[in-house]
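In: Need a 3D model of the following:
(chains A, B, C, D and E, ligands or ions: 5)
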Amino acid sequence: MDRGGLLMWRDALLVAGKDLRIEFRSKIALNQIAPFALVVLLLFAFALDPDRGFLGEATPGLFWITVLLSTLLVVQRSYAVEAADSGRDSLRLTGLDPAGVFLGKAAAVFVVLALLEVGLAAGVRLMYDTSLRGWPVLVVASLAATTGLVAAGTMYGALAAGLRARETLLPLLFLPVVAPVMIGGTRAFAAALDGSSGEGWRWCGLLITFAVAYVALGMLLFEPLLEDS
Amino acid sequence: MDRGGLLMWRDALLVAGKDLRIEFRSKIALNQIAPFALVVLLLFAFALDPDRGFLGEATPGLFWITVLLSTLLVVQRSYAVEAADSGRDSLRLTGLDPAGVFLGKAAAVFVVLALLEVGLAAGVRLMYDTSLRGWPVLVVASLAATTGLVAAGTMYGALAAGLRARETLLPLLFLPVVAPVMIGGTRAFAAALDGSSGEGWRWCGLLITFAVAYVALGMLLFEPLLEDS
Amino acid sequence: MEPVILLRDAVTVLGGFPALAGADLDVWRGEIVLVSGPNGAGKSTLLRLCAGLASLAKGSGRVLGFDLVRQRREIRRRVGYLGHANGLYLELTAEENVRFWARSAAAPAHDDVATLDRLEVPTRWRSLAVAHLSAGQRRRVALACVVVRRPDIWLLDEPHTGLDGPSRDLLDGVLREAVAAGATVLVASHELDRSAALATRTVRIVGGVLSSTDEPSDGSRGTVDVA
Amino acid sequence: MEPVILLRDAVTVLGGFPALAGADLDVWRGEIVLVSGPNGAGKSTLLRLCAGLASLAKGSGRVLGFDLVRQRREIRRRVGYLGHANGLYLELTAEENVRFWARSAAAPAHDDVATLDRLEVPTRWRSLAVAHLSAGQRRRVALACVVVRRPDIWLLDEPHTGLDGPSRDLLDGVLREAVAAGATVLVASHELDRSAALATRTVRIVGGVLSSTDEPSDGSRGTVDVA
Amino acid sequence: MTTSAQVETPRRRRGRNERLATTSSRFTRALGVIALLMGASALLLALVISPPEVTQGDAVRLFYLHVPLAVAGGYLGVGLLAVGSIGYLWKRTTFWDLLAASAAELALIFTALTLLTGSLWGRPVWGTYWEWDPRLTLTAVLFVLLIGYRAMRTASVDPQLRARRSAVIGLLAAADVPLIRMSVDWWRGLHQTATLNPLNPSLDGMMLFTFFWSMVSFAVLFLWLLVHRFRVAWLEEQLADRALDEAIAQRRAEAPQTP
Ligand code: HEM
Ligand SMILES: Nc1ncnc2c1ncn2[C@@H]1O[C@H](COP(=O)(O)OP(=O)(O)OP(=O)(O)O)[C@@H](O)[C@H]1O
Ligand SMILES: Nc1ncnc2c1ncn2[C@@H]1O[C@H](COP(=O)(O)OP(=O)(O)OP(=O)(O)O)[C@@H](O)[C@H]1O
Ligand SMILES: [Mg+2]
Ligand SMILES: [Mg+2]
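Out: Ligands and ions are numbered 1, 2, ... in the order given. I've put the predicted structure just below:
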């Protein structure tokens, strides 16, 4: 256990380091995914414009839809990097600890996504003119929701990886599963912005449950995924 | 001109045939992109609390956002197929007429997307309980908007293809450009559903202009895109 | 009388690096020229340049009488290029891949089957998606895609890679036939024994520099009618 | 005394096709075995099976004393595999790629640099993203990633592909060293001259069938301590 | 690998396959007869015999189809999907994989029918095909989850890879269902209106009996179909096995005979 546990963390660090280094080199998230997220926000503004009234009310929902779509892109990228030259044999061959690989990949995605959310929040704040009241709920809900999204995304990314249809399979698998995050995040934000943080904390509870469940499942179930031929 | 024109149509047919054959083999659009579109519709329901009544009003906008995101996937797939083995040299090497290649790829995407829209419209009709009044406007607007989306998507897909970051570059390039389609489609639908088809036709005019412009631009500008090294 | 490939001080820049740093080359019709040189010398870049796939940063070049800067589409249509990657559509079968290339070159009907027969591609593979073929089998299908176009110039980048013995012999036979029918071949390879036996001339490229404006060794000068 | 690789009637199915249709193989410690056979014979599949990357549909197999069905992770950790593709991270530099593999195998610090030195990788490439290297240069980096792990078994699928002459000699030298230090090598190749000179034994696989439970030709039997 | 063994193996296999060449056995034939009889009687009761409801009229008849379909598909089907997935990850045998696959497929069909009957029912009763009620929403998400499961099963032909990945997806999806349930309950539960309870809580005797009878009938029907779907899958597996044996023999023939 001790040796295994230590190895797991070492491997997680190794994988996260590699992924973040690649991201740092290619700056894909910074240069492309972040602007993409902003563009999606803009599009929503166009789509829902007629009545300025409900754009403001719909802001939490739009924020989380945008985060969700960005998560898809970040996860896709995280596995595209693995498959670039050989269809994902490398990670399997290294013989790294599966739970460690899961944690490492998830951690790298988390870092990127968290930064993205900060930028997005700033954008929302400006574009939709929302005030950020009830920030403790906002912060806790964001952290929990992001953890859940990232854990689920990393799992489903691995599930779709290596298959020829991965670009389309990933969204199909991922999106319905994170419906609770979508609902929870939206409601927690809405409650916080409305000033009813009691309800906000209840939703945070749901988000934390989801996050814990998916991180645990990921650590348990990543092994058969890496084992694939 | 005669020889060139004939060649162009022959090449367009050849390319469209190839792409549709690949789609028919892999059935990606049917099995995965269509359900993806349905999921996105579902997510919007979560994001925009259906109780507050603006889900119904926002239906045209949601329909077009969903179509837009599906277009992204279909276009991505269309170029993923080209790059699978060699990073897009093949199409350039064939020496096919660039305008023909453009038309062929666009036609294949159009077929897939049109089928998808029919399914999506049925879903919207059921889930958001919208009645489909003013259908001539709806049909014309859909055809024009789809043509525009497809033409723009094919252009920008080619621009992003072959670059290492294509998955993330494409949305960034594509989404801002099709904002007019987004607005036009949304407004035309809203007008048609409100029964004010006069305004609907005006928006159709915009959509047709966009479509014609992008098809023309695509035919003209595809040559430098293909020639890229 | 112009050589089919004519490069003068050609420079090609890839990602800021002069992969080709000054190449002078004359290739005459009917030659089989072996391009040799260490890894990273610029062989692949040279072939891609001649195929109209890489661009000319400095110097000048003409292929089949067309300018390498302004008339690349004309060139591409007339050359057959096989790179390190195969460029096949993985979802399509071997037959469908070859047919696509045949049609795009407006080759006569049934040329596709004839080519597959010529390359002795077994029937079982022909109707198999290329994604399900082994490395050497794919290479053979990729070769068939080049052959079926009957190009005027063949640009082959390590064509023997992954092929088994009999397929290598077959390839050499096909190339000799093509040359006899008036084509020209440029082969990059590290398997010098085999390629040197096939080639009529060898040029060596090192550090992106190539200097060979020789005439063919046998003194007979192939020519091209400038279009 | 068990061979390091032991296959009995091994069948591997890829996409419904028995790529390996019954392989019997004993490889003893210290051997360099050349796997030859025509395209599509199942060489790559055999190597992937031994690396724990492809799965065993029928028959049985043990590698380094570990079961090929239940203990694939243990096997993967101890073998070095080089496939047709290189499996490098294109955005990372040569050095970073090698370091990643070194760390994942918990190799001693500075082994990465030592390996790059051993393979005579020029300094210019080391800090260049692999995406910017030529085919042969990438192959050499991929080899370095295998070497740095000091695997017990080396599974090399046409390792000479794309390498220039000096690099090929270098590779052969590295393999001989590894074997002298107690490793075992399985090489699939179509370049029979070069590989046969290197190999201590040749096995032939045709139509997915391989039958070679010979002992090493020199009579000396390498062994493995079963874990 | 003597010649006699090569001749014998296929023959023995053929014998076994002939025995398996039908998906029924005496037990399932009996079960089938019972299931069909029960189903027919349930339909008869539901569509003809039971009385129309006071406020809904004949629309109530959909009730006897809709709820049993939902329960059989949602609870039975997804439950078995989870069981099969866990079983596979634990034992790694085809049995569990095929159980999960069959259950998921039937659950998909039953869920689709639930959606269909529900929507058809909603039109006369609520005046709309769709309402963002928690239960409806859950059903819709479940439907998509099951489509995702199927997409994975068709995305790869490698049986082991497919089994492993589908098991993970099945397990994740099943684990997600309670979370979705919770979230959509809270989502709308906070603003719950009383409009969604059109059925009179006091069902009359005949209606109550019809309801329970069709509940049981549909559960039996589901299990019967499951047994057959499973056996079809099993036979397909056998067929693939046999095809594989043939393919192996054929491929071996490719190789020149070593002396
Ligand atoms: C698309 C529309 C509908 C869907 C997807 C749907 C789905 C479901 C599901 C999944 C269940 C079983 C849930 C459970 O017991 O926890 C159920 C039960 C039920 N549904 Fe529906 N339904 C729909 C429309 C309707 C309509 C229109 C009515 C009546 C007006 C209705 C009345 C009922 C009743 C009475 C039950 C049983 C209640 C219970 O046992 O708690 N449903 N439905
Ligand atoms: N996914 C697949 N589906 C069906 N058949 C496959 C698949 N992958 C490989 N094959 C078949 O398996 C056989 C063995 O392939 P393998 O790659 O092992 O051959 P090989 O001996 O390495 O050949 P080469 O010398 O060409 O590399 C080939 O005939 C190939 O057609
Ligand atoms: N995108 C790029 N950015 C920077 N340098 C590059 C790029 N692509 C290639 N190079 C460099 O260009 C040089 C020539 O590459 P090229 O592929 O032509 O070599 P080659 O002779 O074909 O080698 P090999 O025998 O290994 O195939 C190499 O040194 C390589 O590092
Ligand atoms: Mg090269
Ligand atoms: Mg091979």
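
In: hey, let's count contacts and neighbours off CA atoms from now on
Out: Fine.

In: mind checking which helix or strand the residue sitting furthest away from the middle of chain C is in?
Out: Ranked by distance from the centre of chain C (CA atoms, centre = their mean), the top residue is C:Arg124, with 27.3 Å. Element membership for C:Arg124 (DSSP states H and E) is helix C:123-126.

In: ok, is that helix in contact with chain B or not?
Out: No - Helix C:123-126 does not reach chain B (CA under 8 Å from any CA of the partner chain); its nearest approach is 15.8 Å.

In: Please state the offset of the lowest-mean-pLDDT helix or strand in chain A from the chain centre?
Out: For chain A, counting by mean pLDDT, DSSP states H and E, helix A:28 ranks last in confidence among helices and strands (a mean of 75). Helix A:28 sits 16 Å away from the centroid of its parent chain (CA atoms, centre = their mean, to the nearest Å).

In: So is it next to chain D?
Out: No - for a cut-off given as CA under 8 Å from any CA, helix A:28 has no contacts with chain D; the smallest distance is 11.5 Å.

In: Give me the contact status of that helix with chain B.
Out: Yes - applying CA under 8 Å from any CA, one finds helix A:28 touching chain B at A:Ile28.

In: and the next element down the chain from that helix?
Out: Assigned by DSSP H and E, the successor of helix A:28 is helix A:34-48.

In: which residues of chain A fall in helices?
Out: A:2-26, A:28, A:34-48, A:52-83, A:89-93, A:98-127, A:135-160, A:166-177, A:179-194, A:197-227 (DSSP state H).

In: can you put those in JSON lines and add distance to ligand 2 and mean neighbour count?
Out: Output for the helices of chain A, formatted as JSON lines (distance: least, CA to the nearest ligand atom, whole Å; neighbours: other CA atoms under 10 Å in any protein chain shown):
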{"stretch": "helix A:2-26", "distance to ligand 2": "29", "mean neighbour count": "17"}
{"stretch": "helix A:28", "distance to ligand 2": "32", "mean neighbour count": "20"}
{"stretch": "helix A:34-48", "distance to ligand 2": "36", "mean neighbour count": "22"}
{"stretch": "helix A:52-83", "distance to ligand 2": "17", "mean neighbour count": "21"}
{"stretch": "helix A:89-93", "distance to ligand 2": "15", "mean neighbour count": "21"}
{"stretch": "helix A:98-127", "distance to ligand 2": "25", "mean neighbour count": "20"}
{"stretch": "helix A:135-160", "distance to ligand 2": "17", "mean neighbour count": "24"}
{"stretch": "helix A:166-177", "distance to ligand 2": "16", "mean neighbour count": "27"}
{"stretch": "helix A:179-194", "distance to ligand 2": "35", "mean neighbour count": "26"}
{"stretch": "helix A:197-227", "distance to ligand 2": "17", "mean neighbour count": "21"}
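
In: among those helices, which gets the worst mean confidence?
Out: Ranked by mean pLDDT, these end with helix A:28 in last place, scoring a mean of 75.

In: In chain A, which residue sits closest to ligand 1?
Out: A:Pro176 (15.7 Å; CA to the nearest ligand atom).

In: How far does stretch E:133-150 sit from its chain's centre?
Out: 14 Å.

In: now swap in stretch C:21-31 and tell me
Out: 13 Å.

In: now the end-to-end length of stretch E:85-100.
Out: Distance across stretch E:85-100, first residue to last, is 6 Å (CA to CA, to the nearest Å).

In: buried residues in it?
Out: For stretch E:85-100, a neighbour-count test (16 or more other CA atoms under 10 Å in any protein chain shown) marks E:85-89, E:92, E:94-100 as buried.

In: Let me have the helices of chain A in JSON lines, extended by distance to B:Lys18.
Out: Output for the helices of chain A, formatted as JSON lines (distance: least, CA to CA, whole Å):
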{"stretch": "helix A:2-26", "distance to B:Lys18": "33"}
{"stretch": "helix A:28", "distance to B:Lys18": "32"}
{"stretch": "helix A:34-48", "distance to B:Lys18": "31"}
{"stretch": "helix A:52-83", "distance to B:Lys18": "25"}
{"stretch": "helix A:89-93", "distance to B:Lys18": "30"}
{"stretch": "helix A:98-127", "distance to B:Lys18": "37"}
{"stretch": "helix A:135-160", "distance to B:Lys18": "25"}
{"stretch": "helix A:166-177", "distance to B:Lys18": "20"}
{"stretch": "helix A:179-194", "distance to B:Lys18": "37"}
{"stretch": "helix A:197-227", "distance to B:Lys18": "33"}
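
In: For D:Ala144, which of those helices is the nearest?
Out: Closest to D:Ala144 of the helices of chain A, according to CA to CA: helix A:89-93, at 14.0 Å.
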